[in-house]
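>>> sequence? don't have it. structure:
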């Protein structure tokens, strides 16, 4: 960490600056000031949303929000280059608000995959994964959008499915048998769960902006906003209901509330700007909320025990399954002719590509970041910031010893 | 909880989807993209603002932010139907950005009332209250805006007064004599007060968007933005000053800072888009900040002891009194002819209706949610998330026992 | 505190309302609705960004976020008057969205300076400092922008350098020898560092809006957005790299991540709307991130020991040095003719003025707020909210005594 991490980061930054010097210029013709509020909402989702969503772990908040910032800041620079290479004019990349939105989007794939391996990887591994994943993402996105001409305005397939299956494949390769019975740090405390709700809420609130940001016109944008708003509201209700239904004592589980309430945003993504009707959006959202809770409850433990895929944040349930659902919804939408020039076959191909390339890319990336000289935390130090961060010695602020003791006594009687 | 809650929520969601299928279509003529940033600000207020404002209780943060999310997500779907029924064309409700703003507004009334009964109700009770309150709200709003033709752009009367007196009436009906000496859980800890400040600040910051979102034109919008900005700034100063003045040791009280600083936004609401002049807005805000602190200090304890109204969050001081003040300000504004076609009588009628219908509706709702089979937490489990939520077992992260013991000793000497 | 603070605040508010009544009217000709989203982003930075950034101290979160709210709410009212006096027409100040942005900007100077003296001043001292600093700021800004005709769109010089050197000068005057070995409260706990990251992220995210808000046209605005986005991303990478490089055990330091990642936003400010090219912006950001970390590591301790300047939040490293860098960048940009009608001499004069007037103004202000009758906390009560706030008695929520004890034992073995 001492040497490898700073050298890697500085070399990358220098290389990126050189490439920007050669290739990147300002977009000067097509200024899009009206997109800026959309960009800002997406920007908040990437850095506050994803960052805080992962702070639920009791001893891993610094890494969650800090390394999230690092890899998103790196990723967006890299993505401007990689996405730009597919759209150069006169050998130059022209950078405007729309490219910034797309660059932020690209980083989302890495942050999704990050959620699968959170706590079991080093910052060096994360940086390398960011570079590789964004490179592969840019190719898959080009394939889906330009070659297959599929619709995926809210990126259920190209971001959510791709990012989820990429991350799960990485998690499979870096599987740690030593953690198959879990880890004592792999849980939350009361306030870490509240920090995570900051992430959940900002994702929930700005998801309509995410799904509408790159819609081709104002009408499509408005349709995407309405569909996403309704789909999220519906998935919130089913997530709450199924959280209680599936818990043996009939209580709400914070993990479901933090994650499954967002499944509606993912699932409605691919066909967000199509006229699927308000009730259609709510139907998609309702199913997504149910699927996501059931995934958390029954699938994630089996992924770990049977397939040896440890998925820290349950990204399969928030991004994988709902993304798959979103892809299927777009195939149906194409089949019933909801969009102009859409083909069910191309939508299916897009979904298959995104999952397939995600899996293959994730396996390759997993082998690369697993190379021994890159370093990774030993099992007992997983999910613990203090391996990579100076961590303050804890003091409970403004405690009165007397009162505190009483509280302990009372609670231990309850417990 | 185990069965009633999920069944109720799922039945409601299915019913709403069916009604949406029958009645709700996209608004396709009057697209209003310029309203979207206003909508997003209001959206943040509803979910982050109200949600986190209520996390000040030390053991009730999950419910505050979680059930806030649930009832707002339910409420906005219900509100689209209920508000839409008053404005159907060809038997269809046309859903656009403006309807989404109004739907979010409607949920604010429930979240305000939620603050009065916070900690003493079950999720099932809250869901039923949301359905009933939004139904009654939609009728009162129609009466005030369409029938009485009163001005209430920032909804001091229709949302704040209505929501507050509705909630207080519910609180009166579900009064718990067992809690008349308070409850040990009914307090904050240091970090829960900081979480609550997240709510306060996002409400404070985006209140100009709330008060201007439905102004009829750009000029009215700008006037509402300026008036609200100034009123809030003024109420912040008087709230700080009176917090110190009324505290016997001359210290600031976090409850006042979290709440009374916002009173200016409530009070300027009804006449926000009128030319009340910048100093007029500041005058209204200054008075609101003072009234709110005095309410917290002297009125809330008497409401509980004399009128048997337990008001957990002090909504009477943040929404009730400042809303009343806002209504009176609008009567004066109408009397001195600040707005076109305004009548002081109609403004007074609007204020009276909002409070009266709120009180009556609250009493009815209180009796309904008090029906024994709906379940409610026993007194000793009030203000405690663990009744309805899986709550993590607490561990202080990264504690060194040695240092921690020292800190306790030192503080116990001080204490 | 008991009497002085409320009297001072109320007298100021009354005086401001009277002055608003005489001088301030609505801007009615030049409505600028398209600026409103920019305003809202800046507004969030001032109140959430600066407020939470300072909550890193373990026992000083209430003051950080609460007094931040107070002085910003006071400051913006005062700034509307002071900045308006330089632009009156027919003896009236015309208040619109642009004035609100500028008023928010002005308060940033005070909040920057607040960071230097945080924990060692009373609210009364802070209120007086706010009034004095904004007055001096408005004069310096007029000098730089109107007289010298310098470019400073993102205010590297007029806000960041000015605010930093003003604050450091105040800190020098109110130097406390009793704290030269530090103070036991002058540190963070785990969750206070996470609260601070909320501030960091909202500053980071909305900085492009800050640097572009007062750009003269859409093209300049877009250039400023792109440059700031890239500069911040680059400074984030170098800040992470140098944080590890300079720490003897090769770990990340949360102080650097909270602050130095923002240095790119400060440093690119003065020439944000010039065509410095994307790679130019990244170069400025990269250097700023490095300079800032090195400042934290090596300069801040020496400022305290040698120059007797105690800088609580390290504002010299986040605002002082990067602001200086931004001024120098603007001199170079002028020299190579990147902007129309820019003169390197005038840019240098603007930088010199901002620092010089900041220092002199800070010394004067320091002597005034140091007057004994204004009161200030005794050394042992520094960095402790409980001097000015009612602070809740702490209880760890939902603790099980058994588990908690185990955790302590295990950690004490580690420690």
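That came in fine, so what should we check first? In this text, all values refer to a predicted model and were calculated from it rather than measured experimentally.

>>> and the residue of chain A nearest chain C?
Of all residues in chain A, residue A:2 sits closest to chain C, at 3.0 Å by Cβ to the nearest Cβ. All C-beta atoms are positioned from the backbone trio N, CA, C, and that covers glycine.

>>> give me phi/psi at that residue?
Residue A:2 adopts backbone torsions of phi -50, psi -50, taken as degrees, to the nearest 10.

>>> Leaving out the residues flanking it, which one is nearest to it?
residue C:250 (3.0 Å; Cβ to Cβ, 6 or more residues apart in numbering or on different chains).

>>> ditto for residue A:315
residue A:115 is the one closest to residue A:315 (Cβ to Cβ, 6+ apart), at 4.3 Å.

>>> In a strand, the one you found, correct?
No. Counting by DSSP: H, G, I helix; E, B strand; the rest coil, residue A:115 falls outside a strand, being helix.

>>> and it, how many residues sit next to it?
26 (other Cβ atoms under 10 Å in any protein chain shown).

>>> thought it was touching residue A:170?
No. Counting by Cβ atoms under 8 Å, residue A:170 is not a contact partner of residue A:115; they are 11.0 Å apart.

>>> and residue A:275, which of the three is it?
Applying three-state DSSP: residue A:275 is coil.

>>> residue contacts, it?
A:223, A:338, B:26 (Cβ atoms under 8 Å, 6 or more residues apart in numbering or on different chains).

>>> Restricted to helices, list those residues.
Among these, the members found in helices (DSSP state H) are residue A:223.

>>> quick one on the thing from earlier: the residue nearest to residue A:2 and residue C:243 touch, don't they?
No. Counting by Cβ under 8 Å, residue C:250 stays clear of residue C:243, with 9.8 Å between them.

>>> ok now stretch A:200-211, how far from the chain's centre?
12 Å (Cα atoms, centre = their mean, to the nearest Å).

>>> and that stretch, anywhere near chain C?
No. Interface with chain C: stretch A:200-211 contributes nothing (Cβ under 8 Å from any Cβ of the partner chain), its closest point being 9.9 Å away.

>>> For the residue nearest to residue A:2, what are phi and psi?
Dihedral angles (degrees, to the nearest 10) for residue C:250: phi 70, psi 30.

>>> Quick test: name the residue nearest the centre of chain A.
residue A:112 (2.7 Å; Cα atoms, centre = their mean).

>>> and it, what is it in contact with?
A:50, A:159-160, A:163-164, A:166-167, A:315, A:319.

>>> is residue A:252 in a bridge, and if so with what?
residue B:389 (DSSP bridges).

>>> residues near it, how many?
25.

>>> cool, and residue A:29?
Neighbours of residue A:29 (other Cβ under 10 Å): 7.

>>> do the one 4 residues further on as well
Here the count is done by other Cβ under 10 Å, and residue A:33 has 16 residues near it.

>>> how close does it sit to residue C:110?
31 Å (Cβ to Cβ, to the nearest Å).

>>> Surely residue A:261 and residue A:234 touch.
No. Assessed by Cβ under 8 Å, residue A:261 is found out of contact with residue A:234, at 10.2 Å.

>>> Now for the residue in chain A that chain B sits nearest to: which residues touch it?
In chain A, the residue that lies nearest chain B is residue A:250 (3.0 Å; Cβ to the nearest Cβ). With contact taken as Cβ under 8 Å, 6+ apart, residue A:250 is in contact with A:244, B:1-3, B:5.
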